[in-house]
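In: Sharing a sequence plus its predicted fold:
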Amino acid sequence: MQMERMIKRYYDFNTYLRDIFGCRVQKIAIDVGLSCPNRDGTLSTKGCIYCNSRGSGTGAYAKGLSVTKQVIGGKQVLVRRYGAKKFIAYFQSFSNTYAPLEKLQRLYDEALSVEDVVGLSIGTRPDCVREPILKMLQQYAENHLIWIEYGLQSCFDKTLALINRGHDFACFKEAIKKTINRGIKICAHVILGLPSEKREQILQTAKVIARLGIDGIKLHLLYVVKGTVLEKLYQDGSYTCLEQHEYVDLVCDFLELIPDDVVIQRLTSDPHLEGLVAPVWSLKKGETLSMINDFLEKRDSWQGKFAV
């Protein structure tokens with residue numbers, strides 16, 4: 001591992017982007033009002049047990065803001081806050097490959113047409129990618145940085161069924177197989193603290209996905225949002241949230257199993273205050289990240305220490 005990564009203990013997304021572009025690059029979250037087969041009735045109308053009707057969206061689509069306006073507005077904020085020079089348009093809310101090809105192309109083209117946008121990051125489900133869409137993304141990747149972010153959450157089918165995910169682990173592996181070797185970067189999302197999962201299962205997910213050839217990973221804390229099935233489980237005592245120190249310890253264990261060339265795009269969740277039920281400590285993102293760094297230092301550990 002390079003000395004810089006040893007100091008940082010893990011390969012963070014900012015470092016990865018600076019290595020490519022030589023400047024500060026920031027993601028701009030884009031909400032284009034797309035849906036999800038787990039909500040529109042194709043698979044279910046309930047969605048995953050932790051997801052409400054808002055998803056992870058910014059609400060910009062409901063306000064009538066175009067992709068261009070969202071990107072320009074995001075640029076202004078991120079230039080002031082971070083001195084960012086270039087940007088990645090992040091299609092975040094729900095499943096952003098779940099629409100007709102022509103519509104998707106129009107949305108992606110609009111984002112890339114804005115000055116200083118150097119790439120796309122597209123959040124979606126592994127059951128929402130088709131060959132024509134992957135071919136289109138492959139063409140974009142010839143001249144832009146293209147990431148596709150697949151929600152996995154767990155490699156255990158029992159867990160995926162329990163959270164009403166609507167697909168199994170085999171579906172995720174098939175999506176990786178279809179996407180790899182196209183010049184498209186692949187990021188996997190994993191949630192720590194899912195109902196019924198113990199430490200051993202969480203770390204088994206780390207070991208399994210470490211062998212699949214992904215390029216990046218996002219780790220999320222499972223937090224409870226108003227209006228979800230998970231809230232009902234939490235209120236009746238059927239689900240207990242992880243404590244902050246438990247989560248931090250799990251993240252460090254997880255990182256030790258992930259190869260050191262895999263980009264760590266996220267290490268904890270970023271909940272909206274108005275919809276949060278629990279845990280309250282999840283709002284302390286900076287504190288949690290500091291604790292992760294401190295834990296790794298005290299352990300004399302780093303990303304990939306025990307990777308196979």
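Out: Looks like it arrived, so ask away.
In: only C-alpha atoms for contact and neighbour calcs from this point on.
Out: Noted.
In: need the strands for the stretch 151-300 of the chain, in chain order.
Out: 185-192, 216-221, 224-225, 263-266, 276-278 (DSSP state E, counting those that start in this stretch).
In: In a markdown table, list these along with mean pLDDT and mean neighbour count.
Out: Below are those laid out as a markdown table (pLDDT from 0 to 100; neighbours: other CA atoms under 10 Å):
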| stretch | mean pLDDT | mean neighbour count |
| --- | --- | --- |
| strand 185-192 | 98 | 22 |
| strand 216-221 | 98 | 22 |
| strand 224-225 | 96 | 26 |
| strand 263-266 | 98 | 20 |
| strand 276-278 | 98 | 17 |
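In: Please convert those strands to a markdown table, extending it with distance to residue 41.
Out: Output for those, formatted as a markdown table (distance: least, CA to CA, whole Å):
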| stretch | distance to residue 41 |
| --- | --- |
| strand 185-192 | 23 |
| strand 216-221 | 26 |
| strand 224-225 | 22 |
| strand 263-266 | 30 |
| strand 276-278 | 26 |
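In: Quick one: closest of those strands to residue 293.
Out: Across those, residue 293 has its closest neighbour in strand 263-266 (13.3 Å, CA to CA).
In: hmm, back to that, residue 123 is nearest to which of the strands of the stretch 151-300 of the chain?
Out: By CA to CA (comparing all of the strands of the stretch 151-300 of the chain), the closest turns out to be strand 185-192, at 9.0 Å.
In: Which residues does the closest one contact?
Out: 145-154, 176, 179-180, 202, 214-222, 247, 250 (CA atoms under 8 Å, 6 or more residues apart in numbering).
In: Which members of those residues are positioned in helices?
Out: Counted as lying in helices by DSSP state H, out of the contacts of strand 185-192, are 176, 179, 202, 247, 250.
In: okay, now the first one: neighbour count?
Out: Applying other CA atoms under 10 Å, we find 19 other residues in the vicinity of residue 176.
In: Just list the residues touching it, thanks.
Out: 186, 212, 214.
In: What of the third one?
Out: Applying CA under 8 Å, 6+ apart, we find residue 202 in contact with 154, 192, 254.
In: now those as JSON lines including distance to residue 96?
Out: Formatted as JSON lines, the contacts of residue 202 follow (distance: CA to CA, whole Å):
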{"residue": "154", "distance to residue 96": "20"}
{"residue": "192", "distance to residue 96": "23"}
{"residue": "254", "distance to residue 96": "27"}
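In: Among the ones in helices among the contacts of strand 185-192, pick out the one closest to residue 61, please.
Out: For the ones in helices among the contacts of strand 185-192, the nearest to residue 61 is residue 179 (28.3 Å; CA to CA).
In: Surely residue 31 and residue 95 touch.
Out: No - using CA atoms under 8 Å as the test, residue 31 is too far from residue 95 to be in contact (10.6 Å).
In: Between these two, which is the more surrounded one?
Out: residue 95 (26 against 23).
In: Would you point out the most distant pair within the ones in helices among the contacts of strand 185-192?
Out: Checked with CA to CA, these reach their widest spread between 179 and 247, with 30.8 Å between them.
In: For the residue lying closest to residue 203 once chain neighbours are set aside, grab the count of nearby residues.
Out: Closest residue to residue 203 apart from its sequence neighbours, by CA to CA, 6 or more residues apart in numbering: residue 254 at 5.9 Å. Number of residues near residue 254 (other CA under 10 Å) recorded here: 23.
In: any low-confidence regions in the stretch 1-150 of the chain?
Out: 1-6, 53-58 (pLDDT under 70).
In: quick one: the helices in it?
Out: 3-8, 13-21, 67-82, 101-112, 131-140 (DSSP state H, counting those that start in this stretch).
In: the inter-axis angle of the third one versus helix 101-112?
Out: So that's helix 67-82. Orientation note: helix 67-82 sits at an angle of 40 degrees relative to helix 101-112 (axes from the mean of the first three to the mean of the last three CA atoms, to 10 degrees).
In: again with the second one
Out: The directions of helix 13-21 and helix 101-112 differ by 80 degrees, with the same axes, to 10 degrees as the criterion.
In: who's in contact with helix 13-21?
Out: By CA under 8 Å, 6+ apart, helix 13-21 touches 23-26, 263-266.
In: Next, format those residues as CSV and append distance to residue 121.
Out: Below are the contacts of helix 13-21 laid out as CSV (distance: CA to CA, whole Å):
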residue, distance to residue 121
23, 18
24, 16
25, 13
26, 11
263, 14
264, 14
265, 11
266, 14
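In: Nothing else from me, thank you.
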